[in-house]
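Chemist: this is the structure alone, sequence omitted:
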């Protein structure tokens with residue numbers, strides 16, 4: 001019997017998943033996810049990606065928009081935007097399973113130049129859900145099968161990832177994705193500043209410095225940054241800090257003050273206030289509640 005994408009992902013993640021249910025693959029940007037229980041709320045600033053849901057159900061919110069989707073659907077995110085996600089259907093018998101592929105702007109730019117000249121704009125919503133195209137699922141299946149042949153990965157993974165991007169561009173997602181490949185377009189310029197923020201979020205970064213990285217004036221940069229990410233640069237950095245601080249407390253058992261200083265805060269009371277506004281609970285209470293939820297789920 002021919003193996004399906006669901007079977008291939010289940011086989012890989014059952015062998016390689018970490019305690020959180022993530023199974024990173026040797027192919028950069030390709031990750032499989034499994035959960036045997038519904039999850040709590042997960043805050044993140046997502047990278048541009050496509051998530052193919054193969055089993056179970058998930059909900060994702062960005063601002064006032066909310067998307068509920070399940071097996072056979074793809075979540076497409078075309079900008080670095082803040083999202084809140086939650087797995088809503090999963091069990092030991094039928095775990096939530098998905099395959100995530102980070103979008104590569106360089107590949108998109110190359111393919112866009114070779115493909116049809118299609119008009120597009122910056123107005124596409126950065127988050128959307130559509131049925132998964134058959135060609136995309138087929139390319140993803142061949143990527144998963146490649147993991148069984150480690151010696152072939154360095155030679156064959158790039159063409160397969162390129163093909164997957166091609167089918168995304170040719171399908172219903174195409175117009176939303178194409179802008180990521182505009183040479184020196186607003187998305188790529190803002191993306192350069194986002195990369196600096198992700199790498200140096202614990203440092204003090206002036207808007208003027210980030211604007212220079214993007215090759216824009218400070219006022220133009222601020223406008224386009226908010227248009228792309230829905231946040232100001234200061235808000236973006238703050239959310240990166242708070243998300244990392246929460247990870248340090250949950251995954252490494254750090255105290256609130258230790259996590260606050262590690263991510264660049266100089267005032268623990270300020271950290272506590274901003275943490276509570278974002279996550280709904282003070283840091284210590286949130287950490288305790290999350291551990292209790294994890295113990296109950298286990």
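Modeler: Arrived safely, thanks for sending. Since the model is a prediction, treat every value here as computed from it, not as a measurement. Numbering: from 1, shown residues only.

Chemist: alpha carbons only for contacts and neighbour counts from here, please
Modeler: Will do.

Chemist: so which residue is smack in the middle of this protein?
Modeler: Centroid check for the chain by C-alpha atoms, centre = their mean gives residue 46 as the closest residue, at 3.4 Å.

Chemist: got the phi and psi for that one?
Modeler: Backbone geometry at residue 46, expressed as degrees, to the nearest 10, gives phi -70, psi 150.

Chemist: swap in the one 5 residues further on?
Modeler: As for residue 51, its main-chain torsions (degrees, to the nearest 10) stand at phi -120, psi 120.

Chemist: mind checking pLDDT for residue 175?
Modeler: Here, the pLDDT recorded for residue 175 equals 78.

Chemist: how far off centre is the host helix or strand of it?
Modeler: Element membership for residue 175 (DSSP states H and E) is helix 174-178. Relative to its parent chain, helix 174-178 has a centroid offset of 17 Å by C-alpha atoms, centre = their mean, to the nearest Å.

Chemist: show me what that helix packs onto, helices and strands only.
Modeler: helix 105-114, helix 153-170 (3 or more C-alpha pairs under 8 Å, 6 or more residues apart in numbering; DSSP states H and E).

Chemist: hmm, try it at 10 Å
Modeler: strand 73-77, helix 105-114, helix 153-170 (3 or more C-alpha pairs under 10 Å, 6 or more residues apart in numbering; DSSP states H and E).

Chemist: so residue 139 is in contact with residue 101, correct?
Modeler: No. Using C-alpha atoms under 10 Å as the test, residue 139 is too far from residue 101 to be in contact (11.5 Å).

Chemist: tell me the residues that contact both of those two, please.
Modeler: The contact sets of residue 139 and residue 101 overlap at 161, 164-165 (C-alpha atoms under 10 Å, 6 or more residues apart in numbering).

Chemist: if you rank those by neighbours, which is first?
Modeler: Compared across the shared contacts of residue 139 and residue 101, residue 165 has the highest neighbour count, 25 neighbours, by other C-alpha atoms under 10 Å.

Chemist: ok, now which ones touch that one?
Modeler: So residue 165 contacts 50, 101-105, 107-108, 111, 136, 139, 159, 171, 174, 177 (C-alpha under 10 Å, 6+ apart).

Chemist: out of those residues, who's nearest residue 187?
Modeler: Comparing the contacts of residue 165 against residue 187 with C-alpha to C-alpha places residue 105 closest, at 9.5 Å.

Chemist: quick one on the thing from earlier: what would the helices and strands packed on helix 174-178 look like in TSV with mean pLDDT and distance to residue 196?
Modeler: Listed next are the helices and strands packed on helix 174-178 as TSV, based on pLDDT from 0 to 100; distance: least, C-alpha to C-alpha, whole Å:
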stretch	mean pLDDT	distance to residue 196
strand 73-77	94	20
helix 105-114	86	17
helix 153-170	95	25
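
Chemist: next SSE downstream of the lengthiest helix in the chain?
Modeler: Secondary structure of the chain per DSSP state H: the longest helix is helix 233-252. Downstream of helix 233-252, the first helix or strand assigned by DSSP H and E is helix 256-262.
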